[in-house]
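Student: Following is a predicted model, sequence given first.
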Amino acid sequence: MMRAMQTLLKSPPGADAGYVFAHGAGAGMDHEFMEAIATGLAERRIATLRFQFPFMEQGSKRPDPPAVAQAAVRAAVAQAAQRMPDLPLFAGGKSFGGRMTSQAQAAQPLPGVRGLVFVGFPLHPAGKPGVERAKHLAQVDVTMLFLQGTRDALAELDLMRAAVDPLGHRATLHVVDGADHAFHVLVRSGRNDAQVREELLDAMAAWMRQVMAG
C-alpha cells in the first residue's frame, strides 16, 4: 500500500528546508489550498512533499484509522529524506493531516524531523468543544507551530490556548484574525483569502528558519 503512495514534490533551487505536507480529511494533496501553500513556500525557498493518505487514493470519504494514517506519514517522511537528503525536514499538515503527523511523532519520533507545523489543528469536532485530541501533544519532543484562525469551528481559541500553553517553549501559537478552519475570511474583515495565505506562509517560513538557526 505504501509503495503506491502518490506524492507531489515541489523543490525550488536553493531550498533551505523541506516540509512534509499532509492533506486534510475532506480534500487531497492537489486541492487548491494545498497547491497555494506549496507554491508560496517554494517562493520562500522551502521545498514541500505532499502525499495522499490511502483513503484518498481509494476514493473513500472516510479517513483512515490512525494506525494507517500514521504509517502513511512515516512513509512520506522517509521518502522526503531520500529525495531531499541535504535539507532539514519539518512535517505536519492541514487539519486531519497535521493531527495524524503529531500522533505519529508522539508514538515514535519521525526520523530527521526538526519540528511540526499545523495548518489549522482540529482540536475538537464542530459543536463539541474539548481538548481530548491535544493530550498526545505532551509526548511530542520537537518544537511545534500552530496556525489557527479566530473563527475556527474545530478549535475554539480559548481551548486552543489552554492546550498549547502547557507545552511551554516547544509550542508557538500564531493566531490569524478572522479566519475560519479553511482560512477563509469574511468580506467585512477587510482582507481576502490570498492575503491570509501570505500571512500563513510568512509565519511558516520565519518559524522554520528560527528553528534551523537554533
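Tutor: Looks like it came in fine.
Student: Name the residue closest to the centre of the protein, please.
Tutor: When C-alpha atoms, centre = their mean is applied to the chain, the residue found nearest the centroid is Gly93 (2.0 Å).
Student: where in the chain is pLDDT low?
Tutor: Residues of the chain that meet the criterion pLDDT under 70 lie in 1-4.
Student: now the longest helix anywhere in it, how far from the chain's geometric center?
Tutor: The longest helix of the chain (DSSP state H) is helix 193-213. Relative to its chain's centre, helix 193-213 lies at 12 Å (C-alpha atoms, centre = their mean, to the nearest Å).
Student: cool, stretch 121-138 as well?
Tutor: On C-alpha atoms, centre = their mean, the centre of stretch 121-138 falls 15 Å from that of its chain.
Student: buried residues in it?
Tutor: For stretch 121-138, burial by neighbour count (16 or more other C-beta atoms under 10 Å) applies to Phe121, Pro122, Leu123, His124, Arg133, Ala134, Leu137. C-betas here are computed from N, CA, C, even on glycine.
Student: Could you identify the most distant pair in these?
Tutor: Maximum pairwise distance among the buried residues of stretch 121-138 (C-beta to C-beta): 13.7 Å, between His124 and Leu137.
Student: C-alpha coordinates for whichever helix or strand Leu41 is part of, CSV please?
Tutor: For Leu41, the element it lies in under DSSP states H and E is helix 32-43. Coordinates of each C-alpha in helix 32-43 appear next as CSV, following Å, rounded to 0.1, in the frame of the first residue of the first chain:
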residue,chain,number,x,y,z
GLU,A,32,-6.2,24.5,-4.4
PHE,A,33,-5.2,25.4,-0.8
MET,A,34,-2.5,22.7,-0.7
GLU,A,35,-1.1,23.9,-4.0
ALA,A,36,-1.2,27.5,-3.0
ILE,A,37,0.7,26.8,0.2
ALA,A,38,3.3,24.6,-1.6
THR,A,39,3.8,27.3,-4.2
GLY,A,40,4.1,30.0,-1.6
LEU,A,41,6.7,28.0,0.4
ALA,A,42,8.7,27.4,-2.8
GLU,A,43,8.8,31.2,-3.3
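Student: Go through that helix and flag the buried ones.
Tutor: Those would be Phe33, Met34, Ala36, Ile37, Ala38, Gly40, Leu41, Ala42, for helix 32-43 by 16+ other C-beta under 10 Å.
Student: Tell me which other helices or strands that helix touches.
Tutor: Packed against helix 32-43 by the contact rule (3 or more C-beta pairs under 8 Å, 6 or more residues apart in numbering; DSSP states H and E) you find strand 7-10, strand 17-22, strand 46-51, helix 193-213.
Student: tell me which strands and helices the longest one is in contact with?
Tutor: So the one you mean is helix 193-213. Helix 193-213 sits against strand 17-22, helix 32-43, strand 46-51, strand 113-119, strand 143-149, strand 171-176, with contacts defined as 3+ C-beta pairs under 8 Å, 6+ apart.
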